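K.L.:
Pasted the sequence and its predicted model underneath.
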Amino acid sequence: MSYRAGKIQSLSKSSISLEGKSQEDLKEIFNDLLIGGMHGVCSSFYEEGQKPGDQLEEEQIRRRLTILKPYTKWIRSFSCTEGNELIPKIAKEMGIKTMVGAWLGDDPEINEKEIKGLIQLANKGYVDIAAVGNEVMYREDLTEEELLGFMQRVKKALPEDIPMGYVDAYYEFTQRPKITDACDVILTNCYPYWEGCDIDYSLMYMKQMYYQARDAGKGKPVIITETGWPSQGEGLRGAMPSHENAMKYFINTQSWASEEDIPVFYFSSFDESWKQGAEGVVGAYWGIWDKNEELKFQSVLTASS
């Protein structure tokens, strides 16, 4: 989530038109792109009734990674504690590449466990990209200097061939050049939805988010670490959740990413009910699969084949 009141815009015209397509048409296009494969997807492995702080078990991680494996080259995890450290281990076993995150917040003891966990996983060969923190500046959980200290510590401890970065909203990399300079790779979250953008203009707007992060990086590689669109819930200005809009956003994003060779981690793999607490009802409906691990936008053709 990267919502900020001062960044709201409501846009109305489309740069890529899916106008006139029926729900079934959209489902078929969606499924064709999904079967063709995503670059990456964000992990969401908490089952119904679970939330951060609960222990993830190997069985549920293995089951959900088995569902995702045919459709993605990479998996992004967000933490190195409470069972999340099993995600990159099992993913590597399955031949899936990993972006592994240390979740940093305002608890020094947890931060220390996360940093040590990330370093340990990297030195055991389970990490392809190391992400030190996620939207810490957005949440104001740490000072810039505290975050830089963690980044420098991880960088020194990593094998030389593992790039290190920090994940945040695209505009943070313009506003915080010290953090941008410390990254090997720019890891940017791009959410037109959270800035109130109408679905018809969302692809063009997302491109501008990406270009801003790319320009801030001054030649460093840039990865979109989160982008997506909810299928249910309350709207935000011009941005309206629906199954149709979720499919359109996925189709536009995956098509552009493929054409332009932009690495994108789609948010998210499975719906998770616990997210309603922080983000409202809409927070529970960002998955490609629902909370019961069923594909949400399956076409009649795909279902019968």
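P.N.:
Sure, I can see it. Note that the coordinates shown come from a computational prediction; the quantities given were computed from them, not determined experimentally.
K.L.:
where along the stretch 51-200 of the chain do the strands fall?
P.N.:
Taking DSSP state E, counting those that start in this stretch to define them, one finds strands in the stretch 51-200 of the chain at 72-77, 97-102, 129-134, 164-169, 186-189.
K.L.:
Helix or strand with the lowest mean pLDDT in this structure?
P.N.:
Ranked by mean pLDDT, DSSP states H and E, the weakest helix or strand in the chain is helix 300-304, scoring a mean of 52.
K.L.:
quick one on the thing from earlier: which one of the strands of the stretch 51-200 of the chain lies closest to residue 121?
P.N.:
strand 97-102 (5.8 Å; CB to CB). (C-beta placed from N, C-alpha, C; glycine too.)
K.L.:
With only the CA atoms kept, save the closest one in PDB.
P.N.:
Below are the C-alpha coordinates for strand 97-102, written out as PDB (Å, rounded to 0.1, in the frame of the first residue of the first chain):
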ATOM      1  CA  LYS A  97      13.900 -17.200  -8.200                       C
ATOM      2  CA  THR A  98      13.600 -15.100  -5.100                       C
ATOM      3  CA  MET A  99      13.400 -11.500  -4.000                       C
ATOM      4  CA  VAL A 100      13.700 -11.700  -0.200                       C
ATOM      5  CA  GLY A 101      12.700  -8.800   2.000                       C
ATOM      6  CA  ALA A 102      13.600  -8.000   5.600                       C
END
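K.L.:
what packs against it?
P.N.:
Other helices and strands packing on strand 97-102, by 3 or more CB pairs under 8 Å, 6 or more residues apart in numbering; DSSP states H and E, are strand 72-77, helix 86-93, helix 108-123, strand 129-134.
K.L.:
Adding mean neighbour count, distance to residue 158 and mean pLDDT, write the ones you listed out as TSV.
P.N.:
What follows is those, written out as TSV (neighbours: other CB atoms under 10 Å; distance: least, CB to CB, whole Å; pLDDT from 0 to 100):
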stretch	mean neighbour count	distance to residue 158	mean pLDDT
strand 72-77	23	16	98
helix 86-93	20	14	98
helix 108-123	18	5	98
strand 129-134	26	6	99
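K.L.:
And for the closest residue to residue 49 other than its chain neighbours, the neighbour number?
P.N.:
Closest residue to residue 49 apart from its sequence neighbours, by CB to CB, 6 or more residues apart in numbering: residue 273 at 8.0 Å. When neighbours are counted by other CB atoms under 10 Å, residue 273 registers 17.
K.L.:
picking up where we left off before, export the helices and strands packed on strand 97-102 to a markdown table and tack on distance to residue 54?
P.N.:
Output for those, formatted as a markdown table (distance: least, CB to CB, whole Å):
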| stretch | distance to residue 54 |
| --- | --- |
| strand 72-77 | 15 |
| helix 86-93 | 14 |
| helix 108-123 | 15 |
| strand 129-134 | 19 |
